[in-house]
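Q: the sequence and its predicted three-dimensional model are supplied below.
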Amino acid sequence: MPQHHTIEDHDLGLAHDLKVIAAITDRRRALRLFAGAGTAALLTGCGSDSSGSSSGTVATTATATPTPTATPTPTATATTTLTTGACLVDPTETGGPYPADGTNTSNGSTSNVLTASGVVRSDIRSSFLNGSTTTASGVALKLTLTVANVNAACAPLAGYLVYLWHCDAQGRYSLYDVAGESWLRGALVTDANGQVTFTTIFPGCYAGRFPHMHFEIFSSAAVATSGRFASLTSQLAMPTAACSAIYSGSALYSSSVANYSRVSTANDNVFGDNTAAQIAQQTPALTGSVTEGYVGTAIIGLAR
């Protein structure tokens, strides 16, 4: 049975990450985005969520298997422009059994990567814990998320921390399904436009769930020490056109073809009770191709 993930002694936490970021960015911008987060800790974790369970097991022994090289990162940048009344509050969804955000346990110990050094990053394709830098292979996706205040005409929310995690092309989650790896999870703080941009891969489709990504929103980096303090825990539903093209067009996603043929947002146990308007907002707008990769945007609405 997999063991609980242990943070290495050299993991210095968010305070260390912020000093590194501050050294390469304008001091005024760093102070504006990260003020008050000097001693804050962050996140780690992820997992399969075919049920709404909040418990799971975390693995620590690296058993990485070489995988094909990922599609090159898309060079285009997608931009989201908010208009008055153009957003709604995103529904709260399950974080699944493997968020590794301090809300579940393994063998009686709490699993929480929000305290791990290196989790603040834009490119989340590679592992950053246990000395591994293994990269998850798949069709590249550059995704910009805009966090907006529904109660203020969809005004952007700056200084909020977004934690994103999802499965790989084979439907596996790091730290749980794949021991010792920590790919496809990371966190960023929103800029003055309320935006963060992650470079990742398109997730696979595993049995029983519509293709998706998980995320948590925190009001600041300083409070991002556990998923219990998240302002919102929710999920993104991947667009059907991209799912069809990627799953049939890349051998990396061969296991997704049959799984995807049996699911939809309507029969999914997470998205199935959402309104059409909620599903529309939870579905990123993507452009691109299997060979060149995709770029996309999504709005995340909070009631502040």
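A: Nice, I can see it.
Q: strands of the chain, residue ranges please.
A: According to DSSP state E, the chain carries its strands in the segments 101-106, 109-112, 140-149, 155-156, 161-165, 185-189, 195-201, 212-218, 232-237, 285-289, 293-302.
Q: rank those by pLDDT, which is bottom?
A: Comparing mean pLDDT across those, the weakest is strand 109-112, with a mean of 70.
Q: just the pLDDT at the closest residue to residue 203 other than its chain neighbours, thanks.
A: Excluding its sequence neighbours, the residue lying closest to residue 203 (Cβ to Cβ, 6 or more residues apart in numbering) is residue 166, at 4.4 Å. C-beta here means a position set from N, CA and C on the backbone, and glycine is covered the same way. For residue 166, the pLDDT comes out at 97.
Q: can you add mean neighbour count and give the strands of the chain back as a markdown table?
A: Formatted as a markdown table, these follow (neighbours: other Cβ atoms under 10 Å):
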| stretch | mean neighbour count |
| --- | --- |
| strand 101-106 | 22 |
| strand 109-112 | 19 |
| strand 140-149 | 23 |
| strand 155-156 | 17 |
| strand 161-165 | 27 |
| strand 185-189 | 26 |
| strand 195-201 | 22 |
| strand 212-218 | 25 |
| strand 232-237 | 23 |
| strand 285-289 | 17 |
| strand 293-302 | 22 |
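Q: the ones you listed: which one's closest to residue 252?
A: strand 195-201 (8.7 Å; Cβ to Cβ).
Q: which elements pack onto that closest one?
A: strand 140-149, strand 161-165, strand 185-189 (3 or more Cβ pairs under 8 Å, 6 or more residues apart in numbering; DSSP states H and E).
Q: including distance to residue 175, could the strands of the chain go into CSV?
A: Formatted as CSV, the strands of the chain follow (distance: least, Cβ to Cβ, whole Å):
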stretch, distance to residue 175
strand 101-106, 10
strand 109-112, 8
strand 140-149, 21
strand 155-156, 32
strand 161-165, 9
strand 185-189, 8
strand 195-201, 16
strand 212-218, 13
strand 232-237, 18
strand 285-289, 27
strand 293-302, 24
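Q: hey, where'd the helices end up in the protein?
A: 13-24, 27-34, 240-249, 256-261, 276-282 (DSSP state H).
Q: and the fourth one, what does it pack onto?
A: Contacting helix 256-261 under the criterion 3+ Cβ pairs under 8 Å, 6+ apart are the following elements: helix 240-249.
Q: I'd like the distance between the residue nearest to residue 203 and residue 215.
A: 9 Å (Cβ to Cβ, to the nearest Å).
Q: and residue 74, which of the helices and strands packed on strand 195-201 is closest to it?
A: Distance to residue 74, taken as Cβ to Cβ, is lowest for strand 140-149 among these, at 4.9 Å.
Q: and the closest one, which strands flank it?
A: Neighbouring strands of strand 140-149 in its sheet, by DSSP bridges, are strand 155-156 (antiparallel), strand 195-201 (antiparallel), strand 293-302 (parallel).
Q: how far off strand 185-189 does that strand point, in degrees?
A: Per axes from the mean of the first three to the mean of the last three Cα atoms, to 10 degrees, the angle that strand 140-149 makes with strand 185-189 is 40 degrees.
Q: got the angle between strand 140-149 and strand 161-165?
A: Going by the same axes, to 10 degrees, strand 140-149 makes 140 degrees with strand 161-165.
Q: kindly export strand 140-149 (C-alpha atoms) in CSV.
A: Written as CSV, here are the backbone C-alpha positions of strand 140-149 (Å, rounded to 0.1, in the frame of the first residue of the first chain):
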residue,chain,number,x,y,z
ALA,A,140,0.5,20.6,-24.8
LEU,A,141,-2.0,23.1,-23.4
LYS,A,142,-1.4,26.7,-22.3
LEU,A,143,-4.4,27.7,-20.2
THR,A,144,-5.1,31.2,-18.9
LEU,A,145,-7.6,31.5,-16.0
THR,A,146,-9.2,34.8,-15.0
VAL,A,147,-10.6,35.1,-11.5
ALA,A,148,-13.4,37.6,-11.3
ASN,A,149,-15.7,39.1,-8.7
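Q: how distant is that strand from the center of its chain?
A: Offset of strand 140-149 from its chain centre (Cα atoms, centre = their mean, to the nearest Å): 10 Å.
Q: any idea what residue 198 is bridged to?
A: Beta-bridge partners, per DSSP bridges, of residue 198: residue 143.
Q: help me confirm that it comes into contact with residue 186.
A: Yes: using Cβ atoms under 8 Å, residue 198 is in contact with residue 186, at 6.6 Å.
Q: wait, residue 248 sits on residue 260?
A: No: between residue 248 and residue 260 there is no contact under Cβ under 8 Å: 9.3 Å.
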